[in-house]
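Undergrad: Turn this into a structure:
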Amino acid sequence: MGNKNCLKYCIVVFVIFILTQSAFSQDSGIRDSLFVTGVSFWLKPNTHFEVVASGYHDEKLNGIVVPLTYKVAQIDIILDSVRFHPDMDSANLRDTSINRTKGEVMFYAFYFRPQGLLSGTDTFCTMYFTTGPNWDSSIYMVLDTFTLPSGQGLVYEDTSGYGLVPYYVLRDTSSCPFGHSIIQLISTKTMNENEILNFRVSAYKGCPTIPTLSAVDLPLHSSFYDSGNGSGVFTFTPDFTQSGTYNVTFIACDTVGCDSETVQITVLCSETKRGDPNGNGQITLQDIIYLINYLFKQGPSPVPEECDGDANNNGKINLSDIVYLINFLFKEGLPPSPPTCCI
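TA: A predicted model of the protein is given here:
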């Protein structure tokens, strides 16, 4: 068995790309990555162990193709099976191809729906290996990528149909025994327009190295600040035009890999009163005077929203809104409808 009883099972990728350069688009966002776990512990003959493949992508994907070879110098190793992770359950087509004679495996998944595979960090699959009776732990084991005869190699395909070459990252579990950093769960958020939302994003476990935090899909009037200590602060102050639902993804990356957490933020429409341009909560003669000053004397705009001055709800503020309020207040006309600017 040699003098070395401690197997270092390491995964190193040498990517050979035969596809022409025009087949790929530039990744303009955060670098897409393929993560594969490395194993560094005692292994004996006839021992089962697992290798996990996962990936990060900051765009929606139509498909992934990951080809690997695991049989180099050490021949007494068997890939028993490949099991897809539940993260891949939404794929319309997924499968694996294993050539145990050559020691090659390829797994792929494709999505036919427009939404594809949503951006973020996904666990692709777990590969289950067994060392044979003649396993020699003194041999340095290498798991490498290979290129199919057709020229198809490691690729993520975005929803535009372009292939993106992910960056390969070995997750060195010997230097980071707790694995990569994990972002703490963040609950969904609900707020009103013109309010301030602040919350902290924190990562735990992982390597001794402090992870780098970032955010994507930030809405207008929002920001994210990485404090440099494994946490960061998100701030959002939506104005009166930003009611709706937003999905913001936070990312923590260390020397092993990345984790992401997507938070849904719902901004509710402010319940202001239509026909109340001075914003005091009541419709009175003062609102008519306010509109006259706004339209003809360069007075201030209706507050807090422009539509509060649109009494007749025709999409614009003009003389007809003044007439509408006069009829409502003094001639038993109909009240402004809908009563608020929320639709």
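
Undergrad: mind listing the helices for this structure?
TA: Under the criterion DSSP state H, helices of the chain are mapped to 285-296, 319-330.

Undergrad: Let me know the average pLDDT across the last one.
TA: Same thing as helix 319-330. Across helix 319-330, the average pLDDT comes to 94.

Undergrad: Check which residues of it are buried.
TA: D321, I322, Y324, L325, F328, L329 (16 or more other C-beta atoms under 10 Å). In short, each C-beta sits where N, CA and C put it, glycine included.

Undergrad: pretty sure the first one contacts N312?
TA: Read it as D321. Yes: counting by C-beta atoms under 8 Å, N312 is a contact partner of D321 at 5.7 Å.

Undergrad: neighbouring contacts of stretch 76-88?
TA: For stretch 76-88, the surrounding residues in contact (C-beta atoms under 8 Å, 6 or more residues apart in numbering) are 45, 48, 54, 70-71, 91, 94, 96, 98, 100, 103, 105, 107, 109, 122-136, 141.

Undergrad: Which ones among those residues map onto strands?
TA: 48, 54, 94, 96, 98, 105, 107, 109, 122-131, 141 (DSSP state E).

Undergrad: Output the below-cut-off pLDDT ranges for the protein.
TA: 1-30, 38-43, 71-75, 137-152, 169-180, 205-208, 255-257, 342-343 (pLDDT under 70).

Undergrad: Just want the most central residue of it.
TA: The residue lying closest to the centre of the chain (C-alpha atoms, centre = their mean) is G120, at 3.3 Å.

Undergrad: Quick check: the gap between it and S187.
TA: 17 Å (C-beta to C-beta, to the nearest Å).

Undergrad: now do D76
TA: 50 Å.

Undergrad: go on, H85?
TA: In terms of C-beta to C-beta, H85 sits 24 Å off from S187.

Undergrad: between those two, which one's more packed in?
TA: The neighbour comparison of H85 against S187 (other C-beta atoms under 10 Å) goes to H85, with 14 against 8.

Undergrad: Over to that one: give its phi and psi.
TA: Dihedral angles of H85 (phi, psi; degrees, to the nearest 10) stand at phi -80, psi 150.

Undergrad: Could you tell me the end-to-end distance of stretch 244-260?
TA: Stretch 244-260 stretches 23 Å from its first residue to its last (C-alpha to C-alpha, to the nearest Å).
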